[in-house]
Each structure stands twice: as C-alpha cells, then as structure tokens.
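Colleague: Would you be able to build a 3D model of this:
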Amino acid sequence: MSAVKSSERSKSTAYALWCLGFIGLSGFHRVYTGKYLSGTIWLLTWGVFGLGHLVDLLLVPGMVDEYNLKQRLLYGSMTAPRELVLRPGEQATYQLQTDPEAEHNRLVQQLLAVAQQKSGMITVTQGVLATGKSFREVEAALKRLHAEGYAAITNHPVSGAVVYQFDELIE
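Modeller: Residues are numbered from 1 along each chain as shown. The predicted model follows:
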C-alpha cells in the first residue's frame, strides 16, 4: 500500500537547502517554498551577492509557513488532512476528513429550511426524513440549538410529539 499526503514543507529541510548557499548554490530554499523567480535570481547572483542569502536566514521560517498556509487554503480546509490511498489492482480512493463544525452548520441549515416550511416547527423524525441523517445526529443538533437559545421545546397539541420551535420562523 502506498499513501501520498499533502505536501507540507519542513523548516529543517528549508534550512538545509539554505546552507547550500555556502557552496555557491543559493536560492534552492526559495524554490522549495514556491518562490521560483526569486530562487532563480538568488542562484544566478549568488544570493544577491550574499546579502540576500544572509537576510533569508531570518526569513526561512516565514517562507515555509506561508507556503504551507497557501497549500492548505488551496487544497482544502485547515483541519482536513488529505490522503490518497493506492493499492495495486484497485481504484484510487480519496479520503477526506470533514470539519465537524462545518458538518453541524450544514445540518442546521437543512433543519432550519424544513422548520421554515412547517411554520417554524420541526420534530426529530421530520429532520431525519429531510436530511437523511440518523436520529441521534438530528436530535443532538436540535438539542444544541435549544441549549444555545435558538429553539424552544414544546409538544405537538394533537400527537404529543416533541417539537422544536423556532420563533423567528413562525408565519
């Protein structure tokens, strides 16, 4: 099995490449952190005559952090590690861990849309039918909204079922 993970850059590798400047190969640390043009200039001018090379000693950590941040923003959430799993004879699968808070927010949006259609009231069962989530997930989300003060818990006047009421959505 082979796994390819996101391309995080390491500060120690960047500093090792920075050390190549002592033998006349300046700029490789810049190429490593995605700064191709300035890396080429550093290589052709011996680190801008040594001065730029010395200044980069202080700038390397920031360059690595900036590169890693750009990669995380470009390829996904800061909390979502990417992993590509390859097995001989199988199709490639992509596993993405989703942000629990973002998942909760999507569920809340779906539940509020249903409550809006039903005069500001929703039961757990209606939420399950509308979202396809489990009873446990829907009930936990509705209880959280109640605990945060967004919903009131009442009972349906006829069936007695527990109903979550959103006053802002009542028509």
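
Colleague: for W42, what are its contacts?
Modeller: W42 makes contact with G21, S26, G27, R30, V48, G52, H53, D56, according to Cβ atoms under 8 Å, 6 or more residues apart in numbering. To be clear about C-beta, it is placed using only N, CA and C from the backbone, and glycine gets the same treatment.

Colleague: measure stretch 13-27 end to end?
Modeller: By Cα to Cα, to the nearest Å, the extent of stretch 13-27 from end to end equals 13 Å.

Colleague: err, stretch 164-171, not the other one
Modeller: Its start and end residues considered, stretch 164-171 measures 15 Å (Cα to Cα).

Colleague: tell me which residues in it are buried?
Modeller: Of all the residues in stretch 164-171, those buried under the rule 16 or more other Cβ atoms under 10 Å are Y164, Q165, F166, L169.

Colleague: Report pLDDT for the closest residue to the last one other than its chain neighbours.
Modeller: To tie it back to what came earlier, the one meant is L169. The shortest distance from L169 to any non-neighbouring residue, by Cβ to Cβ, 6 or more residues apart in numbering, is to G120 (3.6 Å). We have a pLDDT of 89 for G120.

Colleague: Next, count neighbours for G120.
Modeller: Neighbourhood size, G120 [other Cβ atoms under 10 Å]: 19.

Colleague: And E66, by the same measure?
Modeller: Here the number of neighbours of E66 (other Cβ under 10 Å) works out to 15.

Colleague: low-scoring stretches of this protein, by residue?
Modeller: Applying pLDDT under 70 to the chain flags the ranges 1-6, 76-87, 89-98.
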